[in-house]
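> With the sequence up front, the predicted model follows.
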Amino acid sequence: MDQLSDEELLINISEGNRAAFEILIKRHLDKFYGLAFRQVLGKEIAEDIVQDAFLKLWERPEMFDANKGVKFTTWFYRLVVNLCHDLHRKKKAIPLIDLEFIKDNALSQDQVVINKEKTYLLENAILNLPKNQRLAINLCFYNDVSNKDAAEIMGLNIKALQSLLIRAKEKLKNNIKLYEENNKRIGTSNG
């Protein structure tokens, strides 16, 4: 059953096959969780969103219509994105960044701290992007979704997606530059 396509697994899921459902989850859980995490920046919240999305699929597998010519992953990304947007509409406060996902490997303690600071800076800069720019960055750079699929997930044409990515990268670069300049000024005034 591991060799079946996503769409073939969905047919089995619609017949109540739990093994097919488990294979589909195992196959895609990490990438869907990664997207949710980067949209809400909270481990438990992201887990809840992805769990809710899979639960919706289990309860109503007919929601995915293979006849529409959309890949399962594109459709499911859209479902996860919608759940993230729903959460942002319900909750105005965005949780603090959960840095547990950073692996320390065999780095020195100083290097670990520097890496965490850089990751924190980048994640905060991404978090402060407008919603569509943040989603475009997360899909294309963190989830390795093609521009074509990302545009489809977001309901945009390719040019609009590329424009979002360009603006997001420019804004990230400017925000990080401002942060570094402020840190230099603070460092020199304290020294």
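Nice, I can see it. Numbering: from 1, shown residues only.
> Show me how the protein divides into domains.
The chain breaks down by automatic domain parsing into domains covering 1-98, 102-191.
> I'd like those domains as TSV, with mean neighbour count appended.
Glycine gets a C-beta too; all of them are placed from N, C-alpha and C. Formatted as TSV, those follow (neighbours: other Cβ atoms under 10 Å):
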stretch	mean neighbour count
domain 1-98	16
domain 102-191	15
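> If you average pLDDT over each of those, which is lowest?
The minimum mean pLDDT among the domains of the chain belongs to domain 102-191 (a mean of 79).
> and it, how far from the chain's centre?
Per Cα atoms, centre = their mean, to the nearest Å, the displacement of domain 102-191 from the mean C-alpha position of its chain is 12 Å.
> Tell me which other helices or strands the longest helix seen in the chain touches.
For the chain, the helix that runs over the most residues, judged by DSSP state H, is helix 158-190. Secondary-structure packing of helix 158-190 (3 or more Cβ pairs under 8 Å, 6 or more residues apart in numbering; DSSP states H and E): helix 109-127, helix 131-137, helix 147-154.
> Select, out of these, the one closest to Ile25.
helix 147-154 (19.5 Å; Cβ to Cβ).
> Just the C-alpha atoms of that closest one, please, in PDB.
What follows is helix 147-154, C-alpha atoms only, in PDB (Å, rounded to 0.1, in the frame of the first residue of the first chain):
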ATOM      1  CA  ASN A 147       6.000  28.600  -7.500                       C
ATOM      2  CA  LYS A 148       3.300  27.200  -9.700                       C
ATOM      3  CA  ASP A 149       1.800  25.100  -6.800                       C
ATOM      4  CA  ALA A 150       2.300  28.000  -4.300                       C
ATOM      5  CA  ALA A 151       0.400  30.300  -6.600                       C
ATOM      6  CA  GLU A 152      -2.400  27.800  -6.900                       C
ATOM      7  CA  ILE A 153      -2.500  27.300  -3.100                       C
ATOM      8  CA  MET A 154      -2.700  31.000  -2.600                       C
END
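> can you offset everything so residue one is 394?
Yes, from this point I'll number from 394; that puts the last item at helix 540-547.
> which other helices and strands contact it?
Counting contacts by 3+ Cβ pairs under 8 Å, 6+ apart, helix 540-547 is packed against helix 465-483, helix 524-530, helix 551-583.
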